[in-house]
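Colleague: I need the structure of the sequence given here:
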Amino acid sequence: MATARIEAGICGFTTTVRAHQDGGSVVLDVESDCEHVRRLAAALERVEPFREITFRGPGPQVLALAREHCAHAACPVPAGILKAVEVAAGLALPRDVTITLSRD
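Modeller: Numbering: from 1, shown residues only. Okay, the predicted model is just below:
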């Protein structure tokens with residue numbers, strides 16, 4: 001199982017993603033303070049990991065559904081979901097991802 005805790009930024013919303021492999025797919029359990037992410041999570045319970053790691057073919061289901069349900073294009077939650085899927089499926093090692101923003 002993989003867990004991702006995503007603090008989205010200035011909105012103040014936190015999302016926790018738990019992902020575990022079940023056969024050839026990954027099952028997602030997503031809890032979020034954000035109503036948009038909750039709608040995304042309701043539409044996204046199980047994914048095929050090899051579809052999620054490439055833009056070839058139909059591309060990631062996570063990103064397609066994020067386009068439908070998320071209000072903000074720069075929301076980091078879909079990327080966090082994808083990272084959790086990769087780790088749960090054994091396609092990546094767990095390693096923190098950081099985006100540091102400042103106004104210069």
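
Colleague: got the contact list for Glu31?
Modeller: Applying Cβ atoms under 8 Å, 6 or more residues apart in numbering to Glu31 gives the contacts Thr15, Thr16, Ala41. C-beta here means a position set from N, CA and C on the backbone, and glycine is covered the same way.

Colleague: need the residues you listed in JSON lines with pLDDT, neighbour count and distance to Val62, can you?
Modeller: What follows is the contacts of Glu31, written out as JSON lines (pLDDT from 0 to 100; neighbours: other Cβ atoms under 10 Å; distance: Cβ to Cβ, whole Å):
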{"residue": "Thr15", "pLDDT": "98", "neighbour count": "23", "distance to Val62": "13"}
{"residue": "Thr16", "pLDDT": "98", "neighbour count": "15", "distance to Val62": "16"}
{"residue": "Ala41", "pLDDT": "97", "neighbour count": "21", "distance to Val62": "10"}
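
Colleague: Would you state the strands of the protein in chain order?
Modeller: Using DSSP state E, the strands of the chain run over 2-7, 14-22, 25-32, 46-47.

Colleague: pLDDT (mean, whole number) over the biggest helix by length in the chain?
Modeller: Once the chain is assigned using DSSP state H, the helix that runs over the most residues is helix 77-88. Over the span of helix 77-88, the pLDDT mean works out to 98.

Colleague: just to revisit the earlier point, redo the strands of the chain as JSON lines? Include distance to Lys83.
Modeller: Below are the strands of the chain laid out as JSON lines (distance: least, Cβ to Cβ, whole Å):
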{"stretch": "strand 2-7", "distance to Lys83": "6"}
{"stretch": "strand 14-22", "distance to Lys83": "9"}
{"stretch": "strand 25-32", "distance to Lys83": "12"}
{"stretch": "strand 46-47", "distance to Lys83": "13"}
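
Colleague: quick one: which of these is nearest Val97?
Modeller: Of all the strands of the chain, it is strand 2-7 that lies closest to Val97, at 9.1 Å by Cβ to Cβ.

Colleague: Which strands border that closest one, and is each parallel or antiparallel?
Modeller: strand 14-22 (antiparallel) (DSSP bridges).
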